[in-house]
Structure formats: C-alpha cells, structure tokens
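> just the structure for this:
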Amino acid sequence: MSVATARVGDQRTAICRVTLSGTDYRRAHDACHVAALLWNQATDWVHSEWKEKRSPGKYAIQSFLTALPRGERPLHAHTTEILAHDLEDAIATYRTNRKAGMKVRAPWRKKNYRPLSFTANFGWRVTPDGRLALSLGRGRPRIVLPLPGVQDSARGELVDASRWGEIQLCWDRDARQWSLHIPYETGREGSEGTNLIAIDEGIINPMALASWVGERTIEVTVINGREARAVKRCRNKAVGAIQKRLSRMKDGSKRHRRLVAAKKRIKAKATWQLRNFDHQVARKAADFAIGHGAGRIVAGDVRGIERKTRKERRAGRHLRQQLSQWSRGTQERYLREKAGLVIEHINESSSTKTCPKCLTSNRPSGRHYRCQNPACGFTCHRDAVGGVNILQKAIHGEYIPIGPDTKIRVTYLRAVERWSMDQRQAHRLVQRRKARALSSAPNRALPQATAVSERVPATPSTSASASGPLAAVA
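Next up is the predicted model:
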C-alpha cells in the first residue's frame, strides 16, 4: 500500500492504493457501474426539467434519485445523495463559466464508471478488529479492507481515523488499481504576511517568483521544470511507438492486448511522476511565499494560451503538444492550497521582452536576457526578468524601472532533486577510480602477504594454522 498526499482547501487528501479480494473487486466494480447509471438518469431528468422551464436544485435531484426502487440503486443512501450534490455542483460550475463568457456545455456526457463516496460513521466505519468497512447499503455485504495508515505530511504523525472525512473509492484505469482518497484536517499554517509575490509561469521553468526584500533588492527564485519535460517526452515517445504498432494489428488479438496493457502502464507511471513534480513545484513556491511573508500572490495571466493555436497558426505542432500537456492550472491549485492564498492574475504581455531597468523592448533568445540598449547593458535570467516586470506592474499598474542601484538576486532550484550531467560525470570518474584501485589491490597485497607468511616462526601453534589463507599464498 503506497500513500501520496495532496491538500484540498484547508484539508489534505491521502491517496492510498489498496488491493481488493476477488469478491470485493466485483462488488466495487458493479457499484461503480450503478453509480454511473444513476448519474446518467439524473442528468437526463434535469435536462427534461429544463425543457419544462423548471430549474431543479440539489435536493430535487436527490429526491428523484432516492425515489427510485431499491433494486435500481443498490448503493448506500448517502452515496446516492452525494451523487446528486456532485451533479448540482457541476451545473453550478457550468453556469459560472458561461457567465464568464466561456463556451461550455451543461453536464450531458454519459458515464460508465463513477467513484464511490462513503460518509464518515455511516458509509464507512472502523470494525472492532481494526479494519475498514465500506457500506453498500442495508442488507448488502460490505467491502472490508485493512485499515490504511495515513500520515500527516504537515506534522509527520499518523492521523487517527476519527479525523477522516468522506472517503472515496476510485479506480485508476491506466494503473488498473483501486485507491482510497481519504481527506483529513491538517495543522499546517499558510502565509500571513503583507508582502507581494509575483509569478512568471512557463513551460521550461514552471514558476519564477519575485519579491522585494528591501528598498534596493529584489529576490527571485526560478524553479526548473526539465524533470517534467523529460517525463512527458519519454511518455510521448513510448506511447507513440506503441500506438504505431497497434495500428498494424487486429483489435482483440493477444499481441494487441499486451501492447494496450503496456501503454496503460507507461501512462500510469508518468501520471504519478508528474503528480509528484507538480507538488514539488508548488511546495517550493509556497515555501518562498511563506518565507517572504506573502499577503498577495499575483501571476501572469496565461490562461487559454493553448486555445486555437492550430487554427490561428500561432504555434507549431511541438509547441502545441507542450501547451496541451502543461499542468499550469494544477500547479496553481496546489500552490493556492499550500500557501493558503488566492492567486490573482494580471496581463503579462511583453513581460519577458521589456528591460526592467530602462524599459527597452528586446527579443531574448534562450534563457539569457541581455538588453540591446548600449547605454543600459542589463543582463539577467529571462524568467527572472518576467517575474520582476510582473511584480512592478502588480504594484504600480504598469511597467516601472526598478532603478539603477537595484540588485536582483536569482536563485535557481530544481523541482525534483536530481544529479546534473556534471555530477553524473564526476560520479562515474570516482567509481572508475575505485574500480581500478580495487582491481589492483590484490596484486599489491600479494608480495606483502608472502613476506608476512615467511616471517611467521615455525612453531607447533603456528603450524597448526598452516592450512589457512597465508599458507596457501606462501
């Protein structure tokens, strides 16, 4: 059983992988299918009510589902109620996005699988023998599992089951693994200062955070994202190669099934690696914000940058793929939850092209920024320049020069600790030297061992041990 944590609001959710017995597996499988069918029925009913010019709320949806015969909903009553509340939340999100001018649709897609939700003390409870029991309704067998150990990542201590909230039993179709999502309250505190933190987001470097630390000093931390790019590139190439082989095979054949399973394993492994990467980025960004007493976090607005890139010919296919796989929104959500602050957005146009010292517009190449104004000559990291300009715009409403005596201190961090190429090369050299030393050590020790054996006096006590290693060498 493996555990990963992700904070949700003022809580954290422990994701515990579990293995079900054959009987419990079939029960959970059938219950997830039934939950999906109930969702589809509720969605169709809501659309029919809209056609009649009625707008049902969550309690009306709940009444519709609970009024169904018990044979059509073999689930716990609270599981059915949570399903109705989830549908109402989806409808509320649709209306909010529509008011914001986004082109969205109301919930309509048919589902085949939905996670099962179990409320505390009703849907789930701890048995007297210390196991976790998940209820599927009155008169039906329960799903019984070993009680998972949930550790509070903020305090480093085990979380008692009395602090757990609503548990979800979820199925990962790529990893083909069941997991429990267990929320619990945490005691970690967010930032409570009044300082302003600006963030320049990017694909190569996910976040570059800037903040004033004095009247003449701006501190910038650039978080490297090449770990995620390597994971995505490896996944894309492996999945592309498998998909090419699948296109030449017959569906349902033995080799076809094996390749499909291999593709799912690759995608599942990459998903967990990228999840860990996003949490590492958010954790380092939250530490920067908390350490600098952040009261506001302002990020450059790049939302929707991936839309219509192919239609408007604004990017090539490689850049479009990178934009579509960019987990910017997930990283922002993790940062908001870890730092305890709402992330504001501001227009960041030309933030990485404008010199923060003289406001000259340049076209930098690579990660190094150099001002083309001969009278300026300002140089810095390109993402740090974007963070500084966003910081100035968030404070003054426009790009303002930072001043000739202002120092920009840039710290470059890896999101995930890995060895650099120089470190790996140095490690290989050290290992080679050790290997050569070990290979030549027996040859250097041979004359010394022979000399020692020759100096041992021939006494009865020593002759008794003459069959040892020294005697063999002599």
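> so which strand or helix has the residue nearest to the spatial centre of the chain?
Nearest to the mean C-alpha position of the chain, counting by CA atoms, centre = their mean, stands R275 at 2.2 Å. Here R275, judged by DSSP states H and E, is contained in helix 254-291.
> for W419, same thing?
W419 belongs to no helix or strand, assigned by DSSP H and E.
> check what pLDDT the residue lying closest to it once chain neighbours are set aside gets.
Nearest residue to W419, sequence neighbours excluded (CB to CB, 6 or more residues apart in numbering): H427, at 7.0 Å. Placement of C-beta: from N, CA and C, glycine included. Here, the pLDDT recorded for H427 equals 81.
> just to be sure, H427 is in a strand?
No - assessed with DSSP: H, G, I helix; E, B strand; the rest coil, H427 is helix; it does not lie in a strand.
> ok, now which ones touch D278?
Contacts here follow CB atoms under 8 Å, 6 or more residues apart in numbering; on that basis D278 touches A228, S327, T330, Q331, Y334.
> which one is the second one nearest to, not counting chain neighbours?
Of all residues beyond its chain neighbours, the one nearest S327 is D278 (5.4 Å), with distances taken as CB to CB, 6+ apart.
> V416 versus that neighbour, what's the distance?
11 Å (CB to CB, to the nearest Å).
> so how far is stretch 54-65 off the chain centroid?
In terms of CA atoms, centre = their mean, to the nearest Å, the centre of stretch 54-65 is set 35 Å apart from its chain centre.
> identify the residues contacting that stretch?
38, 41-42, 45-46, 49, 73, 80-81, 83-85, 87-88.
> can we see that at 6 Å?
L38, A42, W45, E49, T80, E81, A84, H85, L87, E88 (CB atoms under 6 Å, 6 or more residues apart in numbering).
> circling back: ok, of the contacts of D278, which come out buried?
A228, S327, T330, Q331, Y334 (16 or more other CB atoms under 10 Å).
> what helix or strand does the third one sit in?
Here T330 is covered by helix 328-339, with elements defined by DSSP H and E.
> pull the CA atoms of that helix into CSV?
Taking C-alpha atoms only, helix 328-339 is exported to CSV below (Å, rounded to 0.1, in the frame of the first residue of the first chain):
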residue,chain,number,x,y,z
ARG,A,328,-0.2,25.1,-15.0
GLY,A,329,-3.7,25.0,-13.5
THR,A,330,-2.8,22.1,-11.3
GLN,A,331,0.3,23.8,-10.0
GLU,A,332,-1.6,27.0,-9.3
ARG,A,333,-4.2,25.0,-7.4
TYR,A,334,-1.6,23.2,-5.3
LEU,A,335,0.1,26.5,-4.6
ARG,A,336,-3.1,28.1,-3.5
GLU,A,337,-3.8,25.3,-1.1
LYS,A,338,-0.3,25.0,0.3
ALA,A,339,0.2,28.8,0.8
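> before we move on, back to that, of the contacts of stretch 54-65, select the buried ones using a ChimeraX command.
In ChimeraX, a selection of the buried entries from the contacts of stretch 54-65 looks like this (16+ other CB under 10 Å):
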select :38,42,45,80,81,84,87,88
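> redo the contacts of stretch 54-65 as JSON lines? Include distance to L259 and secondary structure.
Converted to JSON lines, the contacts of stretch 54-65 look like this (distance: CB to CB, whole Å; DSSP: H, G, I helix; E, B strand; the rest coil):
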{"residue": "L38", "distance to L259": "35", "secondary structure": "helix"}
{"residue": "A42", "distance to L259": "37", "secondary structure": "helix"}
{"residue": "W45", "distance to L259": "41", "secondary structure": "helix"}
{"residue": "E49", "distance to L259": "45", "secondary structure": "helix"}
{"residue": "T80", "distance to L259": "39", "secondary structure": "helix"}
{"residue": "E81", "distance to L259": "42", "secondary structure": "helix"}
{"residue": "A84", "distance to L259": "40", "secondary structure": "helix"}
{"residue": "H85", "distance to L259": "40", "secondary structure": "helix"}
{"residue": "L87", "distance to L259": "37", "secondary structure": "helix"}
{"residue": "E88", "distance to L259": "41", "secondary structure": "helix"}
